[in-house]
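In: Sequence and computational prediction follow.
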Amino acid sequence: MSHSHSDRRNRGSLGTVLLAGACCAGAVAYAVLVGPSMLPPQDVETTNAASPEVLGNVAEPQPEEADDRTGPVGHLRIHVSDRGLAWVQTLNCTGNLAEDPEPCGVMAEAAEELAGDPTATEPADDGDTPVEVSADQLFTEVREGTVCTDKVYGPQEAMIEGTWEGQEIDTTLSRKGSCEEARWQRLRAVTDQIG
């Protein structure tokens with residue numbers, strides 16, 4: 001064996017040992033610094049899955065709470081066209097979410113979100129003071145001059161007429177432009193086929 005060959009083998013062994021040592025030192029440093037953050041907090045009580053407290057809660061189903069919230073009141077007739085298909089459906093909401101169809105509850109949630117949206121304001125007649133949009137204005141059309149994209153999100157169109165929360169509704173929806181798409185998504189509960 002030549003002298004130069006034995007030096008390479010020793011340097012290779014030394015490099016391997018140094019690399020292994022650096023990796024081990026890094027692993028120890030990681031465990032020391034990050035390890036405590038993976039432990040549960042000391043003030044949290046841990047329970048065994050087989051303890052009676054846990055099994056008692058699983059074995060006894062909780063009674064369902066009745067949905068006694070009040071919902072919207074209205075009668076809508078919706079004409080929807082989607083490519084070659086078209087359908088007409090009606091939605092009657094009596095205000096009792098426990099008995100009304102599911103879209104009534106979805107529309108109630110959309111109204112709450114609209115009422116709680118700080119950006120959902122309209123300019124007042126004087127143009128200076130913003131007036132908050134009320135929850136019954138789900139069907140408000142896009143204002144003239146609103147900046148929207150021209151992207152077409154789909155060929156669907158809908159015409160909605162009737163009364164909602166005491167107001168007459170007569171509006172048309174499409175999916176042409178970002179503002180109209182936002183309206184379509186907000187009113188999707190009535191534009192999708194009601195089962």
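Out: Arrived safely.
In: doesn't residue 77 make contact with residue 92?
Out: No: Residue 92 is beyond contact range of residue 77, at 10.2 Å (criterion: C-beta atoms under 8 Å). For every residue, glycine as well, the C-beta is placed using N, CA and C.
In: what pLDDT, on average, does the helix or strand encompassing residue 30 get?
Out: Taking DSSP states H and E as the criterion, residue 30 maps to helix 3-34. If you average the pLDDT over helix 3-34, you get 75.
In: Can you identify the element that follows the helix or strand bottoming out on mean pLDDT in the chain toward the C-terminus?
Out: Using mean pLDDT, DSSP states H and E, helix 52-59 stands out as the lowest-scoring helix or strand of the chain, at a mean of 47. Sequence order places strand 70-82 as the next helix or strand after helix 52-59, per DSSP H and E.
In: tell me the angle of the helix or strand following that following strand relative to strand 70-82?
Out: Using DSSP H and E, the helix or strand that follows strand 70-82 in sequence is strand 85-96. Counting by axes from the mean of the first three to the mean of the last three C-alpha atoms, to 10 degrees, strand 85-96 points 180 degrees away from the direction of strand 70-82.
In: buried residues in strand 85-96?
Out: Using 16 or more other C-beta atoms under 10 Å as the test for burial, strand 85-96 gives 89, 91, 93.
In: Turn those into a markdown table, including distance to residue 151 and pLDDT.
Out: Converted to a markdown table, these look like this (distance: C-beta to C-beta, whole Å; pLDDT from 0 to 100):
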| residue | distance to residue 151 | pLDDT |
| --- | --- | --- |
| 89 | 27 | 93 |
| 91 | 29 | 92 |
| 93 | 32 | 92 |
